[in-house]
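K.L.:
Predicted model and sequence below, questions to follow.
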Amino acid sequence: MPFRTRQDARAWFKDLHDRKEFRIEFDDFYFCFIAGIARRRKTTLPVEQTPELIDYFPENYNGTRAQTMIALFLKVELDELGLVLNENRQKHDVHTAIATLVDYSTPSRLSSEGMLQFNRYAHGGFEALTEWFDDRPRTLETFLRGFKRKLDAQLQPSA
Amino acid sequence: MPAVIKILGWKAQGLRCPDHEIDCCNSAGEPYKISLIQMPNGTGKTTTLSLLRAALSGAAQQEEWDQDTINEFRKKGNGVNTSGTFEVRLLLNNRRATILMYFDFENGRVSYKTTYGQGQQVGFHPPGDFRRFLNPNFVSFFVFDGELAQRLLNRTQTNAEAVVEALFQISNFSTLQERVCDYWTNQTKASSAKEERGLARRENRVDNLERRIAQLKREKCALEAKKADIAARLKRKEELYTQEIKKDEALGKDLSQAMVTVEQRKAAVREDAAAVLNAMRDPYALSATFAGAMAQLKAGLDKVKLPDSAAREFFNELMGEPECVCGRPIDDQVREAIRQRANQYLASDDVLFLNAMKTAIAEAVGSSTEAPEMALNTRIAELETAVSKERDALNALDALQSQAEQADPAVKKAKEEIETLQDELDAVTDDLEKYESKDTQAYDENTYGIEVMEKRLKDAERKLAEIKGTMQLKAKRDILVSILNDAHRQARTAITEELCNEANTRIRDLMPYNNISIDRIDRSLVLQGQEGGSVGETLSIAYAFLSTLFNQSDHQLPFVVDSPAGPIDLAVRPKIADLIPRLTHQFIAFTISSERERFVPRLITSSNAEVQLLTLFRKGSKELQRAARAAPEVSESPDGFIVGGEAFFNDFQLDEEAV
């Protein structure tokens, strides 16, 4: 099962695609995903609005990066399920939850269910991005700095 | 079934050539393998050959000969001759056929009669199996002269590919395709739309979408052209602007330097931005919160001892055992419980993955959850500095440009024009964006995204086909047609390549020093590195090609040639003579006396069957007429003689008609 990006997300990042460093579509997906994870926000969209990307983590994102992305995803999912990892009595539930989301046999190491939830964070994250930024990004340097500021603000513990 | 065509003979009356009847058969009624008919120039070799070609192909009917063309066949001289006939007798797969051409010179008409089997039909009607050979294009390949040999190299005047297709029956692939398409058409015609109104609505939708897409593409094209034009004008204006500024030498120098600085600062920004992007691809570097969350996950998994050292496979194997590891017997109930609970454990590969993930976390944030973010923040700070420096450089450049504009109105004007053009360019660029839009919410008339509309069209076409219940059949048709196309192409390529190679071997044998070869066969023969050759070379190439063509095929066709060796070098003539008996089962040639040298004797010895030698000439020379009447085999018509036999053939010394 592949990663899926939103059609409107592609259009939103359009100006950054002129930069050769930001040419891969997975970069669009990644920033949306991170925003979605930070906001703990998932959105479900019909498949016709979410074209397929690849079904594996590409070169710039494989190895440690892929594993830590999945780790972040699992942590957030377990939190959402209310599963606490320091209690042995929840071991069985944690075990089941992880087994549902992970599958070594797939190129991405995510199960179908895992990929579904992963994509939902990306779709929801795009909505977060459009709330963070007044307008779509025109330059990479502006976007990256702005993204970090907004992310920091989002992740700061509330007063 | 292979086709066998044999010419039994022909008869000409009232036409330009002397009235004559040629019988190509021996005393047993079998056609001679080789028949040479010696005719001086002007006797009507070309006319006879043209008549044979027309009779075998139905050309007069198919090409609708006009009065002038028809009159070319009229007997010269007395002018009272108002009609003529030409009849050719054939064996088509051992069944007799006759084709008669009737020339009405007064009214400028030619008509045909075809006799095959029991009946006679008005018109040119060869049997179905022979139509692919008995047509103007194909006939020119086995009834030909030097001029036609030249045509083999001219793609507008011949179609060698079509001949190859007919001879090797590759054209059957096209026939099959047509049958498949006809079947589909009949099926879809026969099936009625389930709802008439639904069908009309869907047809209209398809039409409307096609029109809208065409309109959007036109608009987009026009805008792109406009954008290109504005961009070009902008570039010219910018160059002009720079030139104007540089008129002030000192200012120009400062400006150049400022531009260089701006470019350098932009490059630095790009480099730093790339470095920041790369660092941000580590999710643990984006925020210490993320790094902490990963560390918590790892610690938690360690605490609850996940993944288990036991994996799903262990429990799956245990199910197959009679006893548990604890020694308890495993019955069906226990087995079922194990099976259900085994799915709750990770497979061994999943265990591996989780362990790898925990290792990755340890490596990334094990020593510090803050350090990665701090490193990223340092890079961002560097980027900020680079951006600031870039801004300063741009400001300095702006200041210099403003100074130049204030000093020189021409510069200011150029700048204003640049700004206007830039605004226009931005507006057109924005306008163009709508054609890339992925918005699918609006109605067709308010949707501008071309890709979206094309998708709707595809969908509408599918629905249209669906309502007619033809979609599946269409898919099958498309697959079948594609397979047939591929097979056709592959067969044609393989056969023409082989023909080419074989023909080139023969050409090398005939002309070892001429360095001439066939590169490929498509509509015509395409020579390697040259457009054509001498008459002799072309004729040799034609022989080589045609002998290869007919040898490779199962079909047997006669070969009728005007002047088979005339333009060919004396040295090459024996090789042509050796080639001819292998060329075909029936070879008929019109020759003149000068072709005898080094050709006819060799032809007679190369052929392992009797060669028919005839001499046909017009009445005129008293001496010749006396000699003819004295010959043992002679036939006389009102205006000509035909004399058989080798002696008269070899002694005949007249290349041109006697006046």
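P.N.:
Alright, I've got the coordinates. Small disclaimer: the values here were computed from a predicted structure and weren't measured. Numbering: from 1, shown residues only, chains lettered A, B, ... in the order given.
K.L.:
in the strand or helix carrying B:R626, what's buried?
P.N.:
Assessed by DSSP states H and E, B:R626 sits inside helix B:622-630. Neighbour-count burial for helix B:622-630, counted by 16 or more other Cβ atoms under 10 Å in any protein chain shown, picks out B:624, B:627-628. C-beta coordinates here come from the backbone N, C-alpha and C atoms, glycine included.
K.L.:
Quick one: list the elements packing against it.
P.N.:
On a contact count with 3 or more Cβ pairs under 8 Å, 6 or more residues apart in numbering or on different chains; DSSP states H and E, helix B:622-630 meets strand B:634-637, strand B:640-644, helix B:646-651.
K.L.:
Give me the mean pLDDT for it.
P.N.:
Mean per-residue pLDDT for helix B:622-630: 88.
K.L.:
residues in contact with that helix?
P.N.:
Here helix B:622-630 makes contact (Cβ atoms under 8 Å, 6 or more residues apart in numbering or on different chains) with B:617, B:619, B:634, B:636, B:641, B:643, B:648, B:651-652, B:654, B:658.
K.L.:
Those also near chain A: which ones?
P.N.:
Applying Cβ under 8 Å from any Cβ of the partner chain, the subset of the contacts of helix B:622-630 adjacent to chain A is empty.
K.L.:
Lowest-confidence member of those residues, which is it?
P.N.:
Minimum confidence in those sits at B:A658, scoring 47.
K.L.:
The helix or strand of chain A with the lowest mean pLDDT close to chain B?
P.N.:
The weakest-scoring helix or strand in chain A, judged by mean pLDDT, DSSP states H and E, is helix A:91-101 (a mean of 83). Yes. Residues of helix A:91-101 are located near chain B by Cβ under 8 Å from any Cβ, namely A:91-92, A:94-96, A:98-99.
K.L.:
Quick check on the contacts of helix B:622-630: which are buried?
P.N.:
B:617, B:619, B:634, B:641, B:643, B:648, B:652, B:654.
K.L.:
pretty sure the fifth one contacts B:V634?
P.N.:
By that I understand B:V643. Yes. Using Cβ atoms under 8 Å, B:V643 is in contact with B:V634, at 5.0 Å.
K.L.:
Nearest to chain B within chain A, name that residue for me.
P.N.:
Using Cβ to the nearest Cβ, A:L85 is the residue of chain A that sits closest to chain B, at 2.3 Å.
K.L.:
Pull the number of nearby residues for that residue.
P.N.:
21 (other Cβ atoms under 10 Å in any protein chain shown).
K.L.:
which SS class is it?
P.N.:
Following DSSP: H, G, I helix; E, B strand; the rest coil, we place A:L85 in the coil state.
K.L.:
same deal with B:E87?
P.N.:
From three-state DSSP, the assignment for B:E87 is strand.
K.L.:
Averaged over its residues, which helix or strand of chain B has the lowest pLDDT?
P.N.:
helix B:146-151 (a mean of 70).
K.L.:
Which SSE is immediately downstream of that one?
P.N.:
Of the helices and strands lying after helix B:146-151 in sequence (DSSP H and E), the nearest is helix B:160-167.
K.L.:
packing partners for that next one?
P.N.:
helix B:136-139, helix B:171-190, helix B:471-510, strand B:518-521, helix B:535-552.
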